[in-house]
Each structure stands twice: as C-alpha cells, then as structure tokens.
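>>> Predicted model and sequence below, questions to follow.
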Amino acid sequence: MRTALWTLATATALALTMPATAHESIYASPLTGGAEVPPNASPGSGMARVTIDFDLVTMRVQATFADLIGTTTASHIHCCAAADATAGVATQVPSFTGFPLGVMAGSYDHTFDMTMASSYNAAFITANGGTVSGAFNALVAGLDGGMAYFNIHTTSFPGGELRGQLALVPE
C-alpha cells in the first residue's frame, strides 16, 4: 500500500512539473491599404493574428484596425493566393461572426471550431474535396505556404480597404 501511494505521488509530481505543450501554429500580418490588390491609399492600418490549435481543431482570429476611410462591411480570410493576387474567401461570408461592422476602428477576438462547416465559406469546402477536413487541410496548407490573407472590406473600398498576407510566426 505504501509503495502504491509513493508511486502515485511521484507520478503526480512528475506530471505537474512537465511542461505543457500545445500543438499550434501562429500566423500574423500587418494590415495596410498598400497590400490590397490593387493597392489603395487608405491611411488605415491594423494587425491580424491567426492561431490554429491542432489538438482542439480551432482557429483563433484576433485583429485590430484604425483610421479607415470607410466603415467596415466585412472581414474574412481569403485562400489561396500569392501576395500579388486575389483568391476566394475561405472563412465565413460575408464576415466573421461578431466582427465589428459599421465602424472605422475596432478590435476583434473570436475562436472558431474548425470541425464545423459554419466556420468556412461553403464554396471553399466544395473546392477542397467537399469535406470540412479537406477545407481545414487546404486552409492550413495555404497559411503555411504564405498563400492566405486577412481582408477588411469597407464602404469606401468594397473590394478591401486593408489586407495582410498571413505569415507563420517562428517559435
């Protein structure tokens, strides 16, 4: 009995001292009008950060933006295209759930369950094998390859006032 308690106590102590490991990738980008295709002269700016958690199969989207010329009408992630090209919308359309619309500045923080079809544009699912897992794999491949971009659309720039090509943040 004493040996069993000692073994349990030792195992518990070891488990508590082991570092927690998360299996995630973080992507980020500044948001500017100059990064739009074609570029625009918006004085607006911002920052976007996307965290994919592979254990939970979630995507956390964080963004801040200010000094827009127009008021926001939509925001989402496009995939898969190089920085000088455009691509279809990969995530929710017309906009992320809860993204601040009708404003010229704001912030956003939301975590999406990427096992749910509602986290994607239906056309993106169809274009990537017709399954949510196919869409998730395509989005991650696009993010890993620098082929996905964050976009904020406004009344002054319906095609996008701010854009940022998302890049993997080194560990």
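That came through fine.
>>> In this structure, what helix or strand scores lowest on average pLDDT?
Scoring the helices and strands of the chain by mean pLDDT, DSSP states H and E places helix 2-17 at the bottom, with a mean of 42.
>>> Heading C-terminal from that one, find the next helix or strand.
strand 24-32 (DSSP states H and E).
>>> OK, contacts around the residue nearest the centre of the chain?
Centroid-nearest residue in the chain: residue 50, 3.5 Å away (criterion: Cα atoms, centre = their mean). Applying Cβ atoms under 8 Å, 6 or more residues apart in numbering, one finds that residue 50 lies in contact with 26, 27, 28, 59, 60, 61, 62, 77, 143, 150, 166. Any C-beta I mention is one placed from the backbone N, CA and C, and that applies to glycine too.
>>> Disregarding flanking residues, what is the spatial nearest neighbour of the second one?
Same thing as residue 27. residue 166 (4.0 Å; Cβ to Cβ, 6 or more residues apart in numbering).
>>> Tell me if I'm right that that neighbour and residue 151 touch.
No. At 10.6 Å, residue 166 does not count as touching residue 151 under the criterion of Cβ atoms under 8 Å.
>>> what do those two both touch?
Common neighbours of residue 166 and residue 151, counting by Cβ under 8 Å, 6+ apart, are residue 77.
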